[in-house]
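Trainee: I would like to see how this sequence folds:
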Amino acid sequence: MTEPIWLDLDEVCVIQAEILAESGGAPGVLNQGALESTLNKPRNLYHYCDKEGLKIGRLCWVSSLNPTYANTPF
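Mentor: Alright, predicted model coming up:
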């Protein structure tokens with residue numbers, strides 16, 4: 001299996017800025033450590049989990065980006 005292409009912190013911040021430019025909202029990151037952790041979780045799971053663990057990891061990562069959760073980094 002080839003390694004996925006990972007988004008880094010700068011790329012995610014650019015995506016956020018583009019979304020905010022179109023939809024409005026306050027720019028910036030509320031918790032950079034939480035954002036870095038969220039971005040590194042799937043990479044860690046890719047390297048250290050089996051295929052079933054990767055499926056669960058994808059769900060965890062996507063849910064961690066959901067703004068309805070209290071610990072959102074944005």
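Trainee: Show the end-to-end separation of stretch 14-32, please.
Mentor: Counting by CA to CA, to the nearest Å, you get 14 Å between the two ends of stretch 14-32.
Trainee: meant to ask about stretch 24-38
Mentor: Taking CA to CA, stretch 24-38 runs 23 Å from one end to the other.
Trainee: got the buried residues for it?
Mentor: In terms of neighbour count (16 or more other CB atoms under 10 Å), stretch 24-38 has its buried residues at 35, 38. In short, each C-beta sits where N, CA and C put it, glycine included.
Trainee: Report the mean confidence score over that stretch.
Mentor: Over the span of stretch 24-38, the pLDDT mean works out to 88.
Trainee: Equivalent analysis for stretch 42-52, please.
Mentor: Mean predicted lDDT for stretch 42-52 stands at 76.
Trainee: Name the residues of it that are buried.
Mentor: Across stretch 42-52, burial judged by 16+ other CB under 10 Å covers 42, 45-46.
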